[in-house]
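In: Output the structure for:
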Amino acid sequence: MLPNLFVVIPVVLLAVTLFLSFVTVQQGTIAVVTVFGKYRRLMTPGLNFKIPFIETIYKRVSVQNRSVELEFQATTIDQANVFFKAMLLYAVVNPDEATIKNVAFKFVDDRNLMQALIRTIEGSIRGFVATKKQAEVLSLRNEIVGDVKEQIDQTLEGWGYHLIDLQLNDITFDDAIMKSMAQVVASNNLKAAAENEGQALLITKTKAAEAEGNAIKISAEAEKLAAQLRGQGVALFRQEVAKGMTEAAREMQQANLDTSVILFSMWTEAIKQFSENGQGNVIFLDGSADNMQKTMQQMMAMNNLMEHKK
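Out: Below is the predicted model:
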């Protein structure tokens, strides 16, 4: 029995020693090795050898990007409460030995790191918002992020980290402020709608006035042309009547007849026309012999005047 134990125990110890001598480090991770509590070296991803019972893996540091969500409150210079929801993206600056040692030994654990990181980010944003008015905060999202990065990068670099991105996903205010902002937006929309409606009505009225003016202008031009045509028609009619009377008078003279017969005939035809087309209107004529003689004298005088003009 004893000889067997002397053989088995060394074999077991050798197997355990060999098992503890090899360590696997995951991709994206660097292992920090210490000897009796003091930093010794780094282990890169893959299969690594370490001295059993002497070298100890103190911490595995991830060099991958990490993210954390933040929710906090800030106060503007005009005492308005602003609520932020943000996403923070950060990572180890580089896998160099000095940087990894800084990351591994700067904080006790990741919880303390996150507490310091979050409080630093919140403090930077609060300091920036405290110098701005409530109405300016929503339009300064990029400026807030830029100011935080400028202030925090140096601090994080001292810890071995780098701030990759800071996204302000949500910026809200107290309910009273949100309601007032909604009322302001609604009133501005109503104002814009009223202005647009007024402009549309003005354009409609202007176009209608222009159309009416054009219609009046066209109607006036048409009336003017019609009047000209009517005047030309009357002038032509009178001209033709004069020509007819002249021709009739010439024929009467050639026949040795009195030209007053023409005037008398025109007078009787006029009276006949009045009576046929009067449509009920009353026409008073003096049918006495004296009046007839007077009318004939006037017509003859008009005829003599026309003859004299020729």
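In: ok, so what distance separates A130 from I152?
Out: 17 Å (C-beta to C-beta, to the nearest Å). Quick note: C-beta positions are derived from backbone N, CA and C, even for glycine.
In: So between those two, which is more surrounded?
Out: Just comparing A130 and I152: by other C-beta atoms under 10 Å the higher neighbour count belongs to I152, 22 against 11.
In: nearest residue to the more buried one other than its sequence neighbours?
Out: L163 (5.4 Å; C-beta to C-beta, 6 or more residues apart in numbering).
In: Please name the bridge partners of the one you found.
Out: Y90 (DSSP bridges).
In: what about it, how many neighbours?
Out: 21.
In: isn't it right next to Y90, touching?
Out: Yes: between L163 and Y90 there is a contact under C-beta atoms under 8 Å: 5.3 Å.
In: so what's K149 scoring on pLDDT?
Out: If you check K149, the pLDDT there is 84.
In: oh sorry, the question was meant for M302
Out: M302 is given a pLDDT of 62.
In: likewise the one 3 residues further on?
Out: Reading off the per-residue confidence, L305 sits at a pLDDT of 62.
In: before we move on, what about L42?
Out: Model confidence at L42 (pLDDT) stands at 92.
In: and it, what element?
Out: strand 38-43 (DSSP states H and E).
In: residue ranges of the strands in the stretch 151-300 of the chain, please?
Out: 161-173 (DSSP state E, counting those that start in this stretch).
In: between L163 and Y90, what contacts are shared?
Out: L156 (C-beta atoms under 8 Å, 6 or more residues apart in numbering).
In: Give me the phi and psi for D109.
Out: Dihedral pair for D109: phi -150, psi 180, per degrees, to the nearest 10.
In: er, Q134 I mean
Out: phi -60, psi -40.
In: switch to numbering from 18
Out: Shifting the count to begin at 18 puts that one at Q151.
In: For burial, what's the neighbour tally of it?
Out: Using other C-beta under 10 Å: Q151 sits among 20 other residues.
In: tell me the phi and psi of the closest residue in space to it that isn't next to it in sequence?
Out: Using C-beta to C-beta, 6+ apart and skipping residues adjacent in sequence, the residue nearest Q151 is A97, 3.6 Å away. The phi and psi torsions at A97 (degrees, to the nearest 10) take the values phi -100, psi 130.
In: what about A97, how many neighbours?
Out: A97 has 18 neighbouring residues, counting by other C-beta under 10 Å.
In: now do the one 4 residues further on
Out: Other residues within reach of F101, judged by other C-beta under 10 Å, total 21.
In: Quick check on it: phi, psi?
Out: Here is the backbone geometry of F101 (degrees, to the nearest 10): phi -110, psi 140.
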